[in-house]
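1. Make a model of this:
(one chain, ligands or ions: 2)
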Amino acid sequence: MTGTTSAKPGELQVAIAGLGSIGTKIATALDQGIDGLTLSAVAVRDPAKHQDFIGGLRHPPKILPIDQLGEVADLVVECAPSHQLRAIVEPAVKRGKAAVVVSVGGLLDNFDLVDLARANGGRILVPTGALIGLDAVNAASIGTIHSVRMVTRKPVDGLKGAPFIVQNNIDIDNLREPLKLFEGSAREAAKGFPANVNVAVALSLAGIGPDRTQIQVWADPTVTRNVHRIEVEADSARFSMGIENIPSENPKTGLITALSVIALLKKQRATLCVGT
Ligand SMILES: NC(=O)C1=CN([C@@H]2O[C@H](COP(=O)(O)OP(=O)(O)OC[C@H]3O[C@@H](n4cnc5c(N)ncnc54)[C@H](OP(=O)(O)O)[C@@H]3O)[C@@H](O)[C@H]2O)C=CC1
Ligand SMILES: O=C([O-])CC(=O)C(=O)O
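-> Numbers count the residues shown, from 1 in each chain. Ligands and ions are numbered 1, 2, ... in the order given. Sure thing, here's the model as predicted:
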């Protein structure tokens, strides 16, 4: 299908992979106008399912196969399931383009993409996403961070189907009180909860890495939001951060995630940039 994108010369061409909870909100924001950026293409699994949404945009983008986005765009936004990450990011970074990655847990098993990007002048941008304070963690990591600890509590619907729960045969459907499901490194958490704790991996990449960043994951029938609490101990500062995310139509995904990506996109051509 051919879109009617009205790209102005010099504008950054943006493509979006995946039009789910996050992707549709980013597409809408781009269509409504972000200075210097044009939505030129999207990739979806089933074009018929998304026909109304795409057709309703003021400037409908082209629909392309997922691995062709990197050929047409300067910046590809990955917001599909993490198993598609390589197909989206590799074609972009090997052409020296930028990729925004939200399925950041999937980056750990594909870390050679960072080398590929470096070798070809590409970039991989990880937004703060559903988290908070990666600016402070980045700053502290210029000095020495001694420890990063995180506790995640989610309603049962935000955790259902996670491989860790399925493989260990844990019944979370009938919980009456909070249950600690997991305690360990961000790397191990990403394996057990690939669609639930991208935040822990983003935190780890901003700070002391996925093996030293510690996380607990709780299924908590007493909360209605995805709650993350973080404690950082560094030689420059000690800080505690917390965020209580309102789930989106995808209960695993906080509403703020798409907004974080939109904020990152706005910074690409902004004159005044606030926050690191
Ligand atoms: N970094 C962070 O802080 C956060 C990251 N995430 C991660 O972001 C990612 C997206 O989340 P979310 O938007 O909620 O997920 P959704 O499930 O709502 O959307 C994913 C979309 O990807 C589409 N898709 C699946 N396979 C393909 C394919 N082969 N080609 C093109 N599109 C495809 C799906 O299509 P269809 O509609 O047909 O199923 C769906 O529309 C997830 O990996 C999630 O874990 C989520 C929250 C926070
Ligand atoms: O990190 C994730 O995958 C999602 C998450 O915790 C949130 O939206 O609060």
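
2. For the stretch 151-276 of the chain, which residues are neighbours of ligand 1?
-> Those residues of the stretch 151-276 of the chain that sit near ligand 1, judged by C-beta under 6 Å from any ligand atom, are 195, 198-199, 202, 250, 253, 257. Every C-beta, even on glycine, is put in place using the N, C-alpha and C of the backbone.

3. of the residues you listed, buried ones?
-> 195, 198-199, 202, 253, 257 (16 or more other C-beta atoms under 10 Å).

4. In JSON lines: those, plus secondary structure, pLDDT and distance to Ala41.
-> JSON lines is the format used below for these (DSSP: H, G, I helix; E, B strand; the rest coil; pLDDT from 0 to 100; distance: C-beta to C-beta, whole Å):
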{"residue": "Ala195", "secondary structure": "coil", "pLDDT": "94", "distance to Ala41": "25"}
{"residue": "Asn198", "secondary structure": "helix", "pLDDT": "97", "distance to Ala41": "24"}
{"residue": "Val199", "secondary structure": "helix", "pLDDT": "97", "distance to Ala41": "28"}
{"residue": "Ala202", "secondary structure": "helix", "pLDDT": "98", "distance to Ala41": "26"}
{"residue": "Thr253", "secondary structure": "coil", "pLDDT": "97", "distance to Ala41": "23"}
{"residue": "Thr257", "secondary structure": "helix", "pLDDT": "98", "distance to Ala41": "21"}
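
5. Can you report how many residues neighbour His50?
-> 18 (other C-beta atoms under 10 Å).

6. So it belongs to a helix, correct?
-> Yes - assigned with DSSP: H, G, I helix; E, B strand; the rest coil, His50 falls within a helix.

7. residues contacting the closest residue to it other than its chain neighbours?
-> Leaving out its chain neighbours, the residue that sits closest to His50 by C-beta to C-beta, 6 or more residues apart in numbering is Val44, at 4.7 Å. When contacts are counted by C-beta atoms under 8 Å, 6 or more residues apart in numbering, Val44 touches 18-19, 50, 63.

8. Let me know the closest of these to ligand 1.
-> For the contacts of Val44, the residue nearest ligand 1 by C-beta to the nearest ligand atom is Gly18; the value is 3.0 Å.

9. I'd like to know how many residues surround the closest one.
-> 23.

10. got it, and the one 4 residues further on?
-> By the criterion of other C-beta under 10 Å, Ile22 has 29 neighbours.

11. Please apply the same query to the one 3 residues further on.
-> Neighbour count for Lys25, taken as other C-beta under 10 Å: 19.

12. same deal with Ile34?
-> Residues near Ile34, counting by other C-beta under 10 Å: 21.

13. Contact partners for it?
-> Taking C-beta under 8 Å, 6+ apart as the test, what Ile34 contacts is 262, 265-266, 269.

14. at 6 Å instead, please
-> Counting by C-beta atoms under 6 Å, 6 or more residues apart in numbering, Ile34 touches 265-266.

15. Could you measure from it over to Cys273?
-> Ile34 sits 14 Å away from Cys273, going by C-beta to C-beta, to the nearest Å.

16. and what of Lys252?
-> Lys252 is 30 Å from Cys273, by C-beta to C-beta.

17. any idea whether Ala87 is helix, strand or coil?
-> Going by three-state DSSP: Ala87 is helix.

18. Now it: closest residue in space, sequence neighbours ignored.
-> Leaving aside its sequence neighbours, Ala87 sits nearest to Asp67 (C-beta to C-beta, 6+ apart; 4.8 Å).

19. A strand includes the one you found, no?
-> No - under three-state DSSP, Asp67 sits outside any strand and is assigned helix.

20. For it, report the pLDDT, please.
-> According to the prediction, Asp67 has pLDDT 94.

21. ok, it - how many residues close by?
-> 16.

22. got it, and Asn174?
-> By the criterion of other C-beta under 10 Å, Asn174 has 7 neighbours.

23. residues touching it, list them.
-> Neighbour list for Asn174: empty [criterion: C-beta under 6 Å, 6+ apart].

24. do the same with Ile145
-> Contacts for Ile145 (C-beta under 6 Å, 6+ apart) come out as 207-208, 234.
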